[in-house]
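>>> Any chance you could fold what I've pasted below:
(one chain, ligands or ions: 2)
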Amino acid sequence: MKNFTFQNTTKLIFGRGTIAKLPQEIPAGAKLMVTFGGGSVKKNGVYDQMTQALAGREFIEFWGIEPNPRVETLRRAINLGKEQGVDYLLAVGGGSVADATKLIASSIRNAADPWDIVLNGNLLGEMLPMGTVMTLPATGSEMNSGAVISNDATGEKFAFYSQNPQFSILDPETTFSLPDEQIAYGICDTFVHVMEQYMTTAGQSPLMDRWAEGVLLTLIETAPKIHANKHDYNAMADYMLAATMGLNGFIALGVSQDWATHMIGHELTALEGISHGQTLAIILPALLQVMKAQKLDKLVQYGERVWGIVDGTKAERADFAIARTEEFFRSLGLATRLCELNVGSETIDEIVHRFTTRGTVLGEGRNIDAKKVAEILRLCRA
Ligand code: NZQ
Ligand code: ZN
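Ligands and ions are numbered 1, 2, ... in the order given. Model (predicted):
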């Protein structure tokens with residue numbers, strides 16, 4: 001196990017009716033800005049619960065944060081926050097609203113342009129305190145410091161890291177209104193977050209391995225229950241907590257991480273507008289195939305403990321494990337090949353060009369370079 005320092009400062013408030021606890025978490029005199037997406041919270045009653053909870057408090061609202069939030073939209077929110085002297089933020093919605101709010105909170109007291117803040121962590125100054133009411137289990141943004149921001153003008157999408165929300169309220173009933181495809185993306189995103197922290201070098205920490213395998217097995221067991229009835233409170237609660245636990249640092253203590261699937265996936269979203277979870281379902285199986293030799297022991301362990309694969313040579317067992325992973329994504333209703341989404345070779349060439357220019361090397365072995373990215377993308381096009 002490697003050395004590590006771990007601190008997660010987010011207070012998690014979980015369960016039915018917990019939006020009512022908002023006033024206990026937001027200081028009474030705060031100059032509050034509440035941020036939202038495109039309106040789902042008005043249809044599913046979350047907005048009403050929030051306004052009831054904050055009755056008697058003054059706050060300003062910022063609407064219209066889109067999926068894969070664009071810096072162009074956020075500049076408007078930041079200017080409003082500056083004008084109004086905002087000193088506390090509350091994000092109400094999915095990961096995009098939470099991520100966007102991290103950038104807004106990092107920019108209101110900062111003279112730097114928000115895109116420069118995304119690109120250069122040294123420009124980060126004081127982040128205003130923020131909380132979230134999370135309505136979409138997927139990103140873990142409710143309990144981590146990460147945020148992923150898109151730039152329309154440059155066609156880019158990058159992550160930056162600021163601070164955790166002070167608190168996050170997760171009421172599984174708020175997820176009952178999610179469209180089927182968002183549930184599929186969210187389960188896949190959570191699964192791949194865990195895989196990116198687990199599917200590396202075997203034998204680093206039995207504790208982290210078991211913890212990660214526990215989250216993966218929970219998702220595999222829960223997905224059909226949600227498919228049968230998305231108003232199944234306990235199934236949604238397990239999925240929601242799995243998403244938080246999948247990316248709040250708890251399964252990554254002292255072990256190496258990969259994240260190449262995410263980095264390549266972000267390019268597909270930036271260039272083709274493909275939803276985040278969908279990009280991962282396409283990239284991960286191909287990446288595992290291309291990196292099979294390096295990840296062989298872990299693939300065999302994963303195959304046995306998660307999918308019950310015990311027969312065959314090591315190489316065969318790894319192949320079965322990859323095939324089962326792809327089948328799982330397909331069982332969620334997701335595409336697993338680029339050709340299904342009509343993504344052509346020009347897009348692949350552009351992604352490879354970007355990795356070549358940036359000189360980025362990815363993966364736990366820092367050996368997924370532009371050439372390997374090309375191999376992975378060509379394999380998932382087939
Ligand atoms: O905008 P509204 O109207 O609210 O609708 C949203 C949006 O259209 C809708 N939605 C959310 N909750 C709902 C709901 N519809 C009905 N009922 C509900 N309860 O779902 C749509 C998608 O929302 P979005 O927030 O974009 O989805 P998600 O939570 O998957 O977030 C995706 C973004 O997070 C980034 C992704 O790259 C992408 O930009 N990520 C953030 C990470 C992090 N902060 O650590 C890590 C992830 O790997 C990921 O990269
Ligand atoms: Zn993700």
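>>> hey, let's count contacts and neighbours off CA atoms from now on
Will do.
>>> what are the phi and psi angles of residue 109?
The phi and psi values for residue 109, taken as degrees, to the nearest 10, are phi -110, psi 30.
>>> So it is in contact with residue 126, correct?
Yes. With contact defined as C-alpha atoms under 8 Å, residue 109 and residue 126 form a contacting pair (7.0 Å).
>>> For the protein, give me the ranges with low pLDDT.
Across the chain, no stretch falls below the confidence threshold (pLDDT under 70).
>>> Around ligand 1, pick out the residues from it.
Residues of the chain found near ligand 1 (C-alpha under 6 Å from any ligand atom) are 37-41, 66-68, 93-97, 99, 135-136, 138-141, 146-148, 174-175, 177-179, 182, 186, 276.
>>> if you count what's nearby, which of residue 109 and residue 126 comes out ahead?
The neighbour count for residue 109 versus residue 126, taken as other C-alpha atoms under 10 Å, is higher for residue 109 (18 against 14).
>>> and that one, what does it touch?
Neighbour list for residue 109: 82, 125, 126, 127, 128 [criterion: C-alpha atoms under 8 Å, 6 or more residues apart in numbering].
>>> in terms of contact, does residue 245 touch residue 140 like I think?
Yes. Residue 245 lies in contact with residue 140 (C-alpha under 8 Å); the separation is 7.3 Å.
>>> what about those two, which has more around it?
Neighbour tally, residue 245 and residue 140, criterion other C-alpha under 10 Å: the higher count belongs to residue 140, 28 against 21.
>>> wait, that one sits on residue 247?
Yes. Between residue 140 and residue 247 there is a contact at 5.0 Å, judged by C-alpha under 8 Å.
>>> Distance from the chain centre to stretch 13-32, please.
Mean-position distance between stretch 13-32 and its chain equals 24 Å (C-alpha atoms, centre = their mean, to the nearest Å).
>>> how long is that stretch from one end to the other?
Using C-alpha to C-alpha, to the nearest Å, one end of stretch 13-32 lies 20 Å from the other.
>>> Now do the buried residues in that stretch.
Residues of stretch 13-32 classed as buried: 13, 14, 18, 19, 22, 26, 31, 32 (neighbour count, 16 or more other C-alpha atoms under 10 Å).
>>> ok, and what's touching that stretch?
49-50, 52-54, 57-60, 85-90, 133, 167-173, 237.
>>> same thing with stretch 197-214?
Residues contacting stretch 197-214 (C-alpha under 8 Å, 6+ apart): 1, 194-195, 246, 251-259, 294-295, 297-299, 302, 305-306, 364.
>>> Which part of the stretch 201-350 of the chain gets nearest to ligand 1, residue-wise?
Here the stretch 201-350 of the chain gets closest to ligand 1 at one residue, residue 276, 5.4 Å apart by C-alpha to the nearest ligand atom.
>>> from what I can see that residue touches residue 264, true?
No. Applying C-alpha under 8 Å as the test, residue 276 and residue 264 come out as separate, 10.6 Å apart.
>>> Which stretches in the stretch 51-200 of the chain count as helices?
Remark: helices assigned in the stretch 51-200 of the chain by DSSP state H, counting those that start in this stretch are 71-84, 95-107, 114-119, 180-198.
>>> Buried residues, the one helix or strand residue 357 maps to. List them.
Using DSSP states H and E, residue 357 maps to helix 345-358. Using 16+ other C-alpha under 10 Å as the test for burial, helix 345-358 gives 348, 351, 352, 355.
>>> May I see the buried residues of the helix or strand where residue 239 lies?
Assigned by DSSP H and E, residue 239 belongs to helix 233-246. For helix 233-246, burial by neighbour count (16+ other C-alpha under 10 Å) applies to 233, 235-246.
>>> pretty sure residue 282 is touching residue 341, no?
No. Taking contacts as C-alpha under 8 Å, residue 282 lies outside contact range of residue 341: 10.0 Å.
>>> who has more neighbours, those two?
Neighbour comparison, residue 282 and residue 341: the larger count goes to residue 282, with 25 against 12 (by other C-alpha under 10 Å).
>>> residues in contact with that one?
By C-alpha under 8 Å, 6+ apart, the neighbours of residue 282 are 335, 336, 337, 338, 380.
>>> Make JSON lines out of the residues you listed and add neighbour count.
Listed next are those as JSON lines, based on neighbours: other C-alpha atoms under 10 Å:
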{"residue": "335", "neighbour count": "18"}
{"residue": "336", "neighbour count": "23"}
{"residue": "337", "neighbour count": "23"}
{"residue": "338", "neighbour count": "21"}
{"residue": "380", "neighbour count": "20"}
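>>> Surely residue 370 is in contact with residue 349?
No. Look at residue 370 against residue 349 with C-alpha under 8 Å: they stay out of range, at 10.3 Å.
>>> what's the spacing between the closest residue to residue 100 other than its chain neighbours and residue 32?
Distances taken as C-alpha to C-alpha, 6 or more residues apart in numbering place residue 69 nearest to residue 100, at 6.1 Å, with adjacent residues excluded. To residue 32, residue 69 is 21 Å away according to C-alpha to C-alpha.
>>> picking up where we left off before, mind listing what the nearest residue to the residue of the stretch 201-350 of the chain closest to ligand 1 once chain neighbours are set aside touches?
Excluding its sequence neighbours, the residue lying closest to residue 276 (C-alpha to C-alpha, 6+ apart) is residue 269, at 6.4 Å. Contacts for residue 269 were tallied using C-alpha under 8 Å, 6+ apart; they are 157, 275, 276, 279.
>>> what's the angle from the one helix or strand residue 269 maps to to helix 345-358?
Following DSSP H and E, the helix or strand that holds residue 269 is helix 260-272. Angle, helix 260-272 to helix 345-358, by axes from the mean of the first three to the mean of the last three C-alpha atoms, to 10 degrees: 120 degrees.
>>> returning to what we had before: let me have the helices of the stretch 51-200 of the chain in CSV, extended by mean neighbour count.
Listed next are the helices of the stretch 51-200 of the chain as CSV, based on neighbours: other C-alpha under 10 Å:
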stretch, mean neighbour count
helix 71-84, 18
helix 95-107, 28
helix 114-119, 18
helix 180-198, 23
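>>> Mind putting those helices into a markdown table with distance to residue 204?
Below are these laid out as a markdown table (distance: least, C-alpha to C-alpha, whole Å):
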| stretch | distance to residue 204 |
| --- | --- |
| helix 71-84 | 39 |
| helix 95-107 | 30 |
| helix 114-119 | 32 |
| helix 180-198 | 10 |
